[in-house]
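Participant: no FASTA, just this:
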């Protein structure tokens, strides 16, 4: 079970649950409760439409960077268009991830991850020079207690810091860069010039480097010693057994080099040295013995490396939530959910407060309410929903009134003391209904 160490803006409940919680609070009578439900329904539809536009921007501009693309543009983009499309994808990605209440991962944590090991005892290396850009966001800075196997049946309890969710976007440099570094493009694990997006859960902080697609792993000094010492121990008796053949071969080489006085110091029979067959047999025996030993050690090394790679693959496979295009789709839904929940909570508490509230008072009221109702401590981001309520503008008219000269008014304004003022439910429904009715116009989308 993960335990959170820091309060975050993320609200770990669905929009439906938040609306039900507001209705069960007993602050609205039956008529107002129905109006509030209607308001929330249109608001949710509005944000769904709004974020759908962002998704379309990403889909249109991600095509040349998608490593899994099965469609191609009719006209390939120019260099200027290519750079502009990349920027649009990155900006839209940052927009939806931040709206989903994810936090930008500091570069210092990445550097610590490369220098320190957590669960997977591997030496890792990530070449950041291979990226045109990389962006990493996380949510859920927490920890959990796990059992780690040490020797045989002995297990150790260990506390590890984790990110409950982490998303990474990397854009690799073009093929010319890798060709200039003498890399074979076919042997790379990625496609140069493409943009990779990964979404994982429950990644230890100090193992974040493993989610990079160009990470290189190798054995630590501890594993090398555990591998090397038995190899040296096995090599010593082998050398002692093959020593006579080794001396015979060396003597034959010295005779060929015309230095017979050195042969006498090797304590070998000269008749055998001058005879071709004993030398040949000694050479073959030595080659087979040493070659077999070398092959066995190389095989052991490769098997050890495969075990390491399997450990990394299994760890990431079972923690992967999405990649590439599907990541954008998921974060559109997450951002839509978070924006809706925040606006609903802000509007509800301003609506039901007996006195006007400043932004700071509203923030504190929502956080206290969430803790009292659900036992959940959050760091509510009040500026986001207040800005959204200000941005939602529409007309409020009577049945017989024309809309020609009626000004658009926002859902939220401020009085002279800086307190928040929101429209009552009837007017708020009229405003959000006006926005929805005018979402499409012949000259395009207005949002």
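Facilitator: Happy to help now that I have it. On a predicted model such as this, the values are computed, not experimentally measured, just so you know.

Participant: which stretches in the chain count as strands?
Facilitator: Remark: strands assigned in the chain by DSSP state E are 3-4, 103-104, 123-125, 131-151, 154-172, 195-204, 216-218, 320-323, 393-394, 409-410, 412-414, 420-422, 440-441, 444-445.

Participant: same for the fifth one, what does it pack against?
Facilitator: Helices and strands touching strand 154-172, as assessed by 3 or more Cβ pairs under 8 Å, 6 or more residues apart in numbering; DSSP states H and E, comprise helix 79-99, strand 131-151, strand 195-204. Every C-beta, even on glycine, is put in place using the N, C-alpha and C of the backbone.

Participant: how far off centre is that strand?
Facilitator: 10 Å (Cα atoms, centre = their mean, to the nearest Å).

Participant: before we move on, the earlier item: so can I have CSV of the strands of the chain showing distance to residue 428?
Facilitator: Formatted as CSV, these follow (distance: least, Cβ to Cβ, whole Å):
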stretch, distance to residue 428
strand 3-4, 34
strand 103-104, 31
strand 123-125, 53
strand 131-151, 30
strand 154-172, 33
strand 195-204, 35
strand 216-218, 56
strand 320-323, 36
strand 393-394, 9
strand 409-410, 10
strand 412-414, 10
strand 420-422, 7
strand 440-441, 22
strand 444-445, 23
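
Participant: ranking the ones you listed by burial, who's on top?
Facilitator: Highest mean neighbour count of those: strand 195-204, a mean of 21 (counted as mean count of other Cβ atoms under 10 Å).

Participant: what packs against that strand?
Facilitator: If you count contacts as 3+ Cβ pairs under 8 Å, 6+ apart, strand 195-204 packs onto helix 79-99, strand 154-172, strand 320-323, helix 325-352.

Participant: looking at the ones you listed, which is closest to residue 432?
Facilitator: helix 325-352 (10.1 Å; Cβ to Cβ).

Participant: before we move on, back to that, lowest mean pLDDT across the helices and strands packed on strand 154-172, which one is that?
Facilitator: Between the helices and strands packed on strand 154-172, the lowest average pLDDT goes to strand 131-151, which shows a mean of 80.

Participant: show me what that one is packed up against.
Facilitator: strand 3-4, helix 79-99, strand 103-104, strand 154-172.

Participant: mind putting those into JSON lines with distance to residue 356?
Facilitator: Formatted as JSON lines, these follow (distance: least, Cβ to Cβ, whole Å):
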{"stretch": "strand 3-4", "distance to residue 356": "33"}
{"stretch": "helix 79-99", "distance to residue 356": "28"}
{"stretch": "strand 103-104", "distance to residue 356": "32"}
{"stretch": "strand 154-172", "distance to residue 356": "37"}
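
Participant: which among the ones you listed is found nearest to residue 435?
Facilitator: Residue 435 sits nearest to helix 79-99 of all the helices and strands packed on strand 131-151, at 18.3 Å, using Cβ to Cβ.

Participant: show me where pLDDT drops low in the stretch 101-250 of the chain?
Facilitator: Across the stretch 101-250 of the chain, the ranges flagged by pLDDT under 70 are 116-122, 146-156, 218-250.

Participant: my guess is residue 128 meets residue 134, correct?
Facilitator: Yes - with contact defined as Cβ atoms under 8 Å, residue 128 and residue 134 form a contacting pair (7.2 Å).

Participant: before we move on, the earlier item: so for residue 27, which of the helices and strands packed on strand 195-204 sits nearest?
Facilitator: Among these, helix 325-352 sits nearest to residue 27 (Cβ to Cβ), with 4.0 Å.

Participant: now do the buried residues in that closest one.
Facilitator: Judged by neighbour count (16 or more other Cβ atoms under 10 Å), helix 325-352 contains these buried residues: 325, 327-328, 330-332, 334-352.

Participant: run through the neighbouring helices and strands of that helix.
Facilitator: So helix 325-352, by 3+ Cβ pairs under 8 Å, 6+ apart, packs with helix 15-23, helix 30-62, helix 79-99, strand 195-204, strand 320-323, helix 359-374, helix 383-391, strand 420-422.

Participant: tell me the contacts of the residue lying closest to residue 198 once chain neighbours are set aside?
Facilitator: Excluding the flanking residues, the one nearest residue 198 by Cβ to Cβ, 6 or more residues apart in numbering is residue 168, at 4.8 Å. By Cβ atoms under 8 Å, 6 or more residues apart in numbering, residue 168 lies in contact with 134, 135, 136, 196, 197, 198, 199, 200, 211, 212.

Participant: thanks a lot, catch you later.
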